[in-house]
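Engineer: here is a sequence with its predicted model. Questions after.
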Amino acid sequence: MKLKFAVILIVAGAWTVSCSRGPAITTEVVALASQKPPVSPTDAAWNSAPEHPAKLLLQDLVEPRLMKASTAEVRVRALQNGSEIAFRMEWNDASQNDAPGPAKFLDGCAVQIPQAIEPNPPDPQMGSAGHPVMVTFWRADWQASVNGRKDDIHSLYPNASVDHYPFQAHSLEPGSAAQKEMMQRYAPAQAAGNRRVGPREAPVEEMIAEGPGTLSPHKDGFAKGQGVRTKNGWSVVLLRKYPTGLSAKTRTNVAFAIWEGSAQEVGSRKMRTGWIPLSVREAK
Amino acid sequence: MARVNNWQLGREMSYWYPESRPQRQFAAVFDTNKCIACQTCTLACKTTWTSGRGQEYMLWNNVESKPYGFYPLAWDLKLLEMLNGGAWTNNRYDGQTIFESAPAGERVLGWRPEQQDYAYPNVGEDDCTGQVDKGAGMMALPHMNWFFYLARICNHCTYPACLASCPRGSIYKRPEDGIVLVDQGRCRGYQECVKGCPYKKVFFNPMTGTSEKCIACYPKMEQGIQPQCFVNCIGKIRLAGYISKPGQERQENPIDYLVRIRKIALPLFPQFGLEPNVYYIPPIHVPLSFSRQLFGPGADDAVKAYRNAANDPDLSSLLCLFGSSEQVMTKWSRQGDTVSGLDDKGTTLVRVPRNEPVFTRPAYDKLYQITRTNCP
């Protein structure tokens, strides 16, 4: 009887183990159909989605490498409606790292999907030339900014004392173009259009890469997201465009990464997965 | 890793990228003996470039009192302790550079300052209320009471560790003048450059989420004008220009003359392996063992030559050009007791006398019937 049960599940495209408590566990990521994939990690729609516990590996192939493992596992659920797909990533993290600064790093997570479904998928380490990957990235400090933390130095350093900024000159009318221009003079990244600069409207960023070191913002990218602190760590939803070519008859791949700020993880210093098969399934 | 030539080490070394020297290399000479740590350079830079949000703690230019002044705290001592350094044999460095001693998983050997390491620039560094041979008033020094001022900017190194450290290639060295810049559009604020730069001259801006650094005032240099920290220097300790490629030194180039021909100006911590391009005339009153650690094995001869400068018409003349013009003097020439600074085309920018006339002012002013307080 047990053997028969397993065979049925293989045909469905994934091993699934159900139990009376908690979600169904899958050996690959199964995106369940949902009328409107939610952005909120606490939305009830997530309760019906199966969960894939993904073991995390050290990024130890590209310098600078991560030499000491931190986060062991990320629990992933996925919902989709044919035009959007949302991933909820949950992981344990005792420390909340959401304030940037010198030698201070941020908690974060990312989902990576090949731009196109290929028989031979791109390199799981950020893709490769001619075989791009799409990366949806969430970071805790962006979430704090979206949640209302002011975009000024006093929000990061409450006891900071600033004598004067040039854009505060009496001759510059608050909110005027001249004042903004003066502010930008001392914020070259803002002048260069770098989307790292706050204040942020979304805690996520959609990007594209064709190999390590090539990550750049995706001009036509679309991404939403939200992260909340849980009892044991983070619960984050990353919502992006539905992968091109993915259907009930096809499969693609997905990979995940977690950055633990307290372990000074940033950029290529991260815990990550290899490619994990991603399939879609109608809701029962 | 590629094999590259580092003339300051007298040997080849390993570097992340192949050797690619710019068409010409921004370089500078600082005369430590003339610096009074007035910090005018620091403020000139601060006002010009780092007055924005997130830049509050940044000093692209700083002046610290050696041996106990640091910005950030212990920036040099920490790395010296980590480095598998070594001795010099006939001006060849036998130890490892920060590239050659990079730990597994790292591109260079480095460390990242904590926030508080930036918190105390110039606090109590140069308190000196005691007698030279009896130590300072508040500090019990394990040696005679001496210190000197070390002005520091980005060294715009030939082999920048910040550039080698960046996994995104967001830092580049301009082929036209060798100035090292962070691409503010591309940087993602990983702070690998902050960790990698041994001189700690790249700073993370928490408001823009990117790292920022000294740009050698390139908009001014492009117009043939020296950077802000140079032209505002009260003590006239600085001279900006370009250094020629190794083996292509020209007598008429003031930087070449001081660095490669007379060897009176020396790189800061050459053993780190970056081939830094700000060169220092070492202090003449500091124990040579200390100067050798900072400036390499050429310190002894440099001090000797500087002490003898008064009897050296060429050298003393050229030293008079420091701070004499706002413009970049890429050539120089001496005519008797007059020295000229010239531009690339040979146009004279400034002429100054080798010896200024001396006026002696009596302590008692008969006209106003007062006694003046003279500086010693």
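Structural biologist: Sure thing, it's come through.
Engineer: and the residue of the stretch 151-284 of chain A nearest chain B?
Structural biologist: Per C-beta to the nearest C-beta, A:Tyr186 is where the stretch 151-284 of chain A lies closest to chain B, at 2.4 Å. C-beta coordinates here come from the backbone N, C-alpha and C atoms, glycine included.
Engineer: identify the residues contacting that residue.
Structural biologist: A:Tyr165, A:Pro166, A:Phe167, B:Trp49, B:Thr50, B:Ser51, B:Gly52, B:Arg53, B:Gln55 (C-beta atoms under 8 Å, 6 or more residues apart in numbering or on different chains).
Engineer: pLDDT weak spots in chain B?
Structural biologist: Scanning chain B for pLDDT under 70 picks out the ranges B:128-140, B:374-376.
Engineer: and the residue of it that's closest to chain A?
Structural biologist: The shortest separation between chain B and chain A is 2.4 Å, found at B:Gly52 (distances taken as C-beta to the nearest C-beta).
Engineer: the residue positioned nearest the centre of chain A pairs with what?
Structural biologist: Computing the C-alpha centroid of chain A and ranking residues by C-alpha atoms, centre = their mean puts A:Ala110 first, at 2.9 Å. Taking DSSP bridges as the rule, A:Ala110 bridges to A:Phe137, A:Ala257.
Engineer: isn't it up against A:Arg139?
Structural biologist: No. Between A:Ala110 and A:Arg139 no contact is recorded; they are 9.1 Å apart, counting by C-beta atoms under 8 Å.
Engineer: can you give me the helices in chain B?
Structural biologist: B:40-49, B:75-82, B:161-165, B:192-196, B:218-221, B:228-231, B:254-256, B:288-295, B:299-307, B:313-320 (DSSP state H).
Engineer: what about the stretch 1-150 of chain A, any weak spots by pLDDT?
Structural biologist: Ranges of the stretch 1-150 of chain A meeting pLDDT under 70: A:1-21.
Engineer: what does it have sitting close to chain B?
Structural biologist: Residues of the stretch 1-150 of chain A found near chain B (C-beta under 8 Å from any C-beta of the partner chain) are A:60, A:62-67, A:99-105.
Engineer: which of those are buried?
Structural biologist: Using 16 or more other C-beta atoms under 10 Å in any protein chain shown as the burial test, the residues of the stretch 1-150 of chain A next to chain B include A:Val62, A:Glu63, A:Pro64, A:Arg65, A:Leu66, A:Ala99, A:Pro100, A:Gly101, A:Pro102, A:Ala103, A:Lys104, A:Phe105 as buried.
Engineer: how about the contacts made by B:Leu294?
Structural biologist: Counting by C-beta under 8 Å, 6+ apart, B:Leu294 touches B:Lys66, B:Leu150, B:Leu268, B:Phe269, B:Tyr280, B:Pro282.
Engineer: for the second one, which non-adjacent residue is closest in space?
Structural biologist: What that stands for is B:Leu150. Nearest non-adjacent residue to B:Leu150, counting by C-beta to C-beta, 6 or more residues apart in numbering or on different chains: B:Lys66, 4.9 Å away.
Engineer: who does the one you found bridge with?
Structural biologist: B:Phe148.
Engineer: A:Thr250: what's it in contact with?
Structural biologist: By C-beta under 8 Å, 6+ apart, the contact set of A:Thr250 is A:Ile117.
Engineer: repeat for B:Thr48
Structural biologist: Residues in contact with B:Thr48 (C-beta under 8 Å, 6+ apart) are B:Cys217, B:Gln228.
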